[in-house]
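Participant: Pasting the sequence and the predicted coordinates here, then a few questions.
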Amino acid sequence: MSKELDLDTQMSGLIAHGEIAEDLHLNPKTLRPCITKMLKTSFYKGGVPDRSSASAIIAAEFVGLGFDRSRIDHELLRWNKANQPPIKYNSIRSTINLPEQSSPLCSHT
């Protein structure tokens, strides 16, 4: 029974990963699983990991994928709607001014 559950969990994770990649107009192979998980997760103020760290990791990933600043801003604002409460707009805007590098905090390659 647990093997079936594990397979169901894996399949739904793969489906969600594919849907998120498609929504972002990306090949699923280019989107790291940890980023998919962050994009599906609602983060809470004061939670671990915190919303600001998650937004920085996502922004750095998008920079690494070649997204321009406008697209990063759009995607972060869309993701932020699920956070409780959402991060303030100015904080999201400052997140996209991070150095242009892939995030070392997400270990999947």
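Facilitator: Okay, I see it. Numbering: from 1, shown residues only.
Participant: quick one: low-confidence parts of this protein?
Facilitator: 1-15, 98-109 (pLDDT under 70).
Participant: show me where it has helices.
Facilitator: Ranges of helices in the chain, per DSSP state H, are 2-23, 33-40, 51-64, 69-80, 89-95.
Participant: For those helices, give me TSV that also has mean neighbour count.
Facilitator: Where C-beta positions appear, they are placed from N, C-alpha and C, glycine not excepted. Below are the helices of the chain laid out as TSV (neighbours: other C-beta atoms under 10 Å):
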stretch	mean neighbour count
helix 2-23	12
helix 33-40	18
helix 51-64	21
helix 69-80	16
helix 89-95	15
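Participant: Identify the residues contacting Ile96.
Facilitator: The contact partners of Ile96, taken as C-beta atoms under 8 Å, 6 or more residues apart in numbering, are 59, 69, 72-73, 76.
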